[in-house]
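A.B. asks: Have a look at this prediction, sequence included:
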Amino acid sequence: MAAPQQPVVRLDRSMEFSTIHGDRLVGDPHHNVFFYQRGLPYGPDEVLLHDHPEVEGDPKKKALAERLLKQAAKRGPSTMANSPAEKGKSEVNLTAWAMGEQDVVWQEVTNAIARRFSVRVNNKTDALELLMAERIVTRDQLSEEHLKLFEDA
């Protein structure tokens, strides 16, 4: 029996993050680190590097990474938001939602957009257009389901 697949925690481009620039040699421990969000390293594919030496060596970062992975596992095959929990609930990762990796109740999506951008959207097309305009996600990153919304318009 194969080991269960590790859940994915994706960088949430709708929240603050930093990028890493410049060349790093293969032996450099930060060779594959391209982003940081909440002090945690993310790779070029915008996925949390939960087993990175920087995370393994810092108890606070390790605890945060483990908490995010545990929350991601609860959601099943979808990804978990990389943001602080609000009143025991996990935040919506708008990037993962637009890419079809996180299944979220529509009301939670509109509330997350309202909190982050101070805009109320009326439908999924408006939400996706806003996320593309804010460079949270590009059109070619949208899920097939979300792309169909633009074909029908």
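C.D. replies: Looks like it came in fine. Numbers count the residues shown, from 1 in each chain.
A.B. asks: packing partners for the longest helix along the chain?
C.D. replies: The single longest helix within the chain, with elements called by DSSP state H, is helix 59-74. Applying 3 or more C-beta pairs under 8 Å, 6 or more residues apart in numbering; DSSP states H and E, we find helix 59-74 packed against strand 40-42, helix 53-56. In short, each C-beta sits where N, CA and C put it, glycine included.
A.B. asks: Dump the ones you listed to CSV, plus distance to Arg120, mean pLDDT and mean neighbour count.
C.D. replies: Converted to CSV, those look like this (distance: least, C-beta to C-beta, whole Å; pLDDT from 0 to 100; neighbours: other C-beta atoms under 10 Å):
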stretch, distance to Arg120, mean pLDDT, mean neighbour count
strand 40-42, 30, 95, 23
helix 53-56, 37, 92, 15
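A.B. asks: closest one to Met132 among these?
C.D. replies: Nearest to Met132 among the helices and strands packed on helix 59-74 is strand 40-42 (21.0 Å), distances taken as C-beta to C-beta.
A.B. asks: before we move on, back to that, mind listing what's buried in the longest helix of the chain?
C.D. replies: Lys61, Lys62, Leu64, Ala65, Leu68, Leu69, Gln71, Ala72 (16 or more other C-beta atoms under 10 Å).
A.B. asks: ok so, going back, ok, which of the helices and strands packed on helix 59-74 comes nearest Ser18?
C.D. replies: Ser18 lies closest, by C-beta to C-beta, to one member of the helices and strands packed on helix 59-74: strand 40-42, at 10.0 Å.
A.B. asks: just checking, what packs against that closest one?
C.D. replies: For strand 40-42, the packing partners by 3+ C-beta pairs under 8 Å, 6+ apart are strand 35-37, helix 53-56, helix 59-74.
A.B. asks: contacting residues around it?
C.D. replies: Strand 40-42 is contacted by residues 11, 17, 30, 33-36, 48-49, 52, 54-55, 61, 64-65, 68, 82 when judged by C-beta atoms under 8 Å, 6 or more residues apart in numbering.
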